[in-house]
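**Q** 3D model of this:
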Amino acid sequence: MVAIKSKRARNVAKASRRLPRGPHGGIQLLLIQTVDPHGKQGEVIEVKRGYALNYLIPQGLATIATDHHKRMVEKHRAKLAEIRKQRLVGLQNLAKELREKSISIEANANEEGHLYGSVGPEDIAKALRLDNIVLEPNQVKLVGPLKELGLYTVRIYLGSDIESEIKVWVVPVVSNEKK
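**A** Model (predicted):
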């Protein structure tokens, strides 16, 4: 009888004896990480024995699909779903708050109301930050830069297919000089 010398080889040999079989004769594994094209993290897949023993398990990409591991994955998925649900409620509340809000942005303009510069997403995000609403400039969706004084309705993309609108007043800069 040939003795198995390395500890890793002994562990692989032990694992090969207890690997659960799938309905098609392959080995059932639980993916720890997403492996294209086989499946995503947390899915139970069925692969050939050699692929499981020589690649997926040693690389730490998959583990044996025991009932315990499956229950742990289901608990983790439930926890993630609850977090996602809470985040969605928070985003919907923020969208409602934004719809009821209007902000004013001061800009230099000539007598006809044309701005010397323009008001962009960065300016709108900065004005919202002053009201304790933190948004990234890429969440502010403008058709083009605002180049005139007036009232504009600006779309805000909050994520998870939730959009809102906010009223933006572009007003002339008030100077403190007395004549």
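
**Q** Okay, residue 153 and residue 102: tell me how far apart.
**A** 10 Å (CB to CB, to the nearest Å). Backbone N, C-alpha and C define where each C-beta goes, glycine included.

**Q** so what's in contact with these two at the same time?
**A** 166, 167, 168 (CB atoms under 8 Å, 6 or more residues apart in numbering).

**Q** Tabulate the residues you listed (a markdown table), appending pLDDT.
**A** Formatted as a markdown table, the shared contacts of residue 153 and residue 102 follow (pLDDT from 0 to 100):
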| residue | pLDDT |
| --- | --- |
| 166 | 94 |
| 167 | 95 |
| 168 | 94 |
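
**Q** isn't residue 152 right next to residue 168, touching?
**A** Yes: using CB atoms under 8 Å, residue 152 is in contact with residue 168, at 4.7 Å.

**Q** neighbour count winner among these two?
**A** residue 168 (23 against 17; other CB atoms under 10 Å).

**Q** so who does the more buried one touch?
**A** 102, 103, 104, 105, 119, 124, 127, 146, 151, 152, 153, 154.

**Q** quick one: it from residue 102, how far?
**A** For residue 168, the distance to residue 102 - CB to CB - is 7 Å.

**Q** One more: residue 109?
**A** Where residue 102 is concerned, residue 109 sits at a distance of 19 Å (CB to CB).

**Q** check which helix or strand covers residue 97.
**A** Per DSSP states H and E: residue 97 is located in helix 67-99.

**Q** Downstream of that helix, the next helix or strand is which one?
**A** Later in the chain than helix 67-99, the nearest helix or strand by DSSP H and E is strand 102-107.

**Q** Check which residues of that following strand are buried.
**A** 103, 107 (16 or more other CB atoms under 10 Å).

**Q** And for stretch 37-53?
**A** 38, 39, 42, 44, 45, 46, 47, 52, 53.

**Q** Doesn't residue 132 lie inside a helix?
**A** No: looking at residue 132 with DSSP: H, G, I helix; E, B strand; the rest coil, it is coil, so not inside a helix.

**Q** Quick one: mean pLDDT for stretch 60-74?
**A** Average pLDDT, stretch 60-74: 86.

**Q** er, stretch 32-49 I mean
**A** pLDDT averaged over stretch 32-49 gives 88.

**Q** Stretch 120-128 too?
**A** pLDDT averaged over stretch 120-128 gives 94.

**Q** Name the residues that touch that stretch?
**A** 103-105, 134-142, 145-146, 154, 166, 168.

**Q** Out of these, name the ones that lie in strands.
**A** Among those, DSSP state E puts 103, 104, 105, 140, 141, 146, 154, 166, 168 in strands.

**Q** Which residue is the nearest non-sequential neighbour of residue 76?
**A** Spatial nearest neighbour of residue 76, excluding adjacent residues (CB to CB, 6 or more residues apart in numbering): residue 42 at 7.2 Å.

**Q** Alright, that wraps it up for me.
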